[in-house]
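In: Model the structure of this input:
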Amino acid sequence: DEEIHDYLTRPPLLLARHRVGWLSLFLCSLSLTALIMNGFEHTLSRQIELAYFVPLLAGHGGNTGGQTVGTVLAAMSSGV
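Out: Here you go, the predicted model:
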């Protein structure tokens with residue numbers, strides 16, 4: 001019960017600060033991925049099998065969503 005109280009009394013900025021590092025890392029990696037893919041657009045159009053790896057790269061976006069869901073679920077489970 002004390003853990004719930006601790007969570008409820010934490011400022012939202014503190015909660016966000018715990019996740020902003022990972023979110024920043026994912027944003028940077030996705031930006032770099034977009035730049036690299038743009039540079040290899042001609043190659044991807046000629047060798048379509050390389051395009052199979054695009055969903056793996058796009059999966060980083062799912063990680064960002066997972067961070068958000070984790071925050072929401074933690075808040076919901078604590079009774080917020």
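
In: Show me what whichever strand or helix holds Leu14 is packed against.
Out: Using DSSP states H and E, Leu14 sits within helix 12-39. Helices and strands touching helix 12-39, as assessed by 3 or more C-beta pairs under 8 Å, 6 or more residues apart in numbering; DSSP states H and E, comprise helix 54-77. Glycine gets a C-beta too; all of them are placed from N, C-alpha and C.

In: Helix 12-39 and the helix it packs on, what's the angle between them?
Out: Calculated by axes from the mean of the first three to the mean of the last three C-alpha atoms, to 10 degrees, helix 54-77 forms an angle of 170 degrees with helix 12-39.

In: Does anything pack onto helix 54-77? Which helices or strands?
Out: If contacts are counted by 3+ C-beta pairs under 8 Å, 6+ apart, helix 54-77 sits against helix 12-39.

In: Provide a list of residues in contact with the residue nearest the centre of the chain.
Out: Nearest residue to the geometric centre of the chain (C-alpha atoms, centre = their mean): Thr64, 1.5 Å. Residues near Thr64 by C-beta atoms under 8 Å, 6 or more residues apart in numbering: 23, 26-27.

In: cutoff 10 Å now
Out: 19, 22-23, 25-27, 30 (C-beta atoms under 10 Å, 6 or more residues apart in numbering).

In: again, but for Gly62
Out: By C-beta under 10 Å, 6+ apart, Gly62 lies in contact with 26, 55, 69.

In: Can you pull out the low-pLDDT segments for this protein?
Out: Applying pLDDT under 70 to the chain flags the ranges 1, 80.

In: what residue of it is the furthest out?
Out: Ranked by distance from the centre of the chain (C-alpha atoms, centre = their mean), the top residue is Arg46, with 30.6 Å.

In: Run through the residues that contact that residue.
Out: Contacts of Arg46 by C-beta under 10 Å, 6+ apart: none found.

In: follow-up on the earlier one: centre of the chain to the helix holding Leu14, how far?
Out: Centre-to-centre, helix 12-39 and its host chain are 7 Å apart (C-alpha atoms, centre = their mean, to the nearest Å).

In: Flag every buried residue along that helix.
Out: Residues 26, 30, 37 are the ones in helix 12-39 that count as buried (16 or more other C-beta atoms under 10 Å).
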